[in-house]
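Visitor: Next input, structure requested:
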Amino acid sequence: MQLLGNTRDTLRKAQQHMQQGQRRFQMGDMLGAITELKSAIELNLKDPACYATLGICYLQVGRANDALSALQQASDLAPTDPEIAYVLGSVLLEAGQSERAVQEFQRCVKLDPKGPRGMEAKQFLEELAQEDGAPAAAAQPAPEAKAEPKSASAELAENLNFARVCLESGLERRARTELEKLVESNPDNVEAWELLALAFEKMGDPTRAQEARQKADSLKA
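Guide: Residues are numbered from 1 along each chain as shown. So this is what the prediction gives:
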């Protein structure tokens, strides 16, 4: 009974560190978030979200190798999560590891063939297939898998969250691509326009950033 109690206490402490790490991450305190999330992991917390957030934090502070390691751990813990597969593929692509990126994008397509992540991954696979030296299998369609239907509001919230994560991870181009699709299908969504403005700012395009911000302001009026 004592051993069980100790185990529960350790798990509770680990979850507290993870929650504090997530809060620090949302506040923009990447170093503080890294400390808390590593503490959770050291207490043997095997939560893919913990590793995924840690990977994004590492990316933000310029520790690319540590970011890839943490994201790979997240992928190992959640091999059927298309979001993690997509983010890992995107980071690998940014790091110049195109062959590994292709593998992750292909896995994402298999997991979410008709969803937003799968379609986005398929688009990048087709682009990679056209580049010199890209694996020939990159553009081949992946076998379809059954996916649970999502409501339009749930899918919108998921896509907005993903775009936000991309912006926070330094993946502005991915965020812009996602957000341009969102404002096309949801032209009255203020948050999508605001995030798109932020993406353009990060990409050094103040003119388009201002246009997106003006659109968001007009929707608020």
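
Visitor: Name the next helix or strand downstream of the worst-scoring helix or strand of the chain on mean pLDDT, please.
Guide: When each helix and strand of the chain is scored by mean pLDDT, DSSP states H and E, helix 152-168 comes last, with a mean of 74. Sequence-wise, the next helix or strand downstream of helix 152-168 (DSSP states H and E) is helix 172-185.

Visitor: Run the chain-centre distance for the longest helix along the chain.
Guide: Looking across the chain with DSSP state H, the single longest helix is helix 2-27. Computed by CA atoms, centre = their mean, to the nearest Å, the separation of helix 2-27 from the middle of its chain amounts to 23 Å.

Visitor: Could you pull up the mean pLDDT of that helix?
Guide: For helix 2-27, mean pLDDT is 83.

Visitor: and what of stretch 207-217?
Guide: The average of the pLDDT scores along stretch 207-217 is 94.

Visitor: How about stretch 49-58?
Guide: 91.

Visitor: angle of the least confident helix or strand of the chain against helix 2-27?
Guide: Helix 152-168 and helix 2-27 are oriented at 80 degrees to each other (axes from the mean of the first three to the mean of the last three CA atoms, to 10 degrees).

Visitor: how about the helices of the chain, start to end?
Guide: So, for the chain - with DSSP H - the helices run 2-27, 30-42, 48-60, 64-77, 82-94, 98-111, 116-129, 152-168, 172-185, 190-202, 206-220.

Visitor: who's in contact with the second one?
Guide: The list of residues contacting helix 30-42 from outside it, by CB atoms under 8 Å, 6 or more residues apart in numbering, reads 14-15, 17-18, 20-22, 24-25, 47, 50-51, 53-54, 57-58, 60-61. Glycine gets a C-beta too; all of them are placed from N, C-alpha and C.

Visitor: Select only the buried ones of these in ChimeraX?
Guide: To isolate the buried subset of the contacts of helix 30-42 in ChimeraX, counting by 16 or more other CB atoms under 10 Å, use the following:
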select :14,17,18,20,21,22,24,25,47,50,51,53,54,57,58,60
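
Visitor: Chain neighbours aside, what residue packs nearest to the spatially most central residue of the chain?
Guide: Central residue of the chain (CA atoms, centre = their mean): residue 87, 4.4 Å from the mean position. Excluding the flanking residues, the one nearest residue 87 by CB to CB, 6 or more residues apart in numbering is residue 71, at 6.5 Å.
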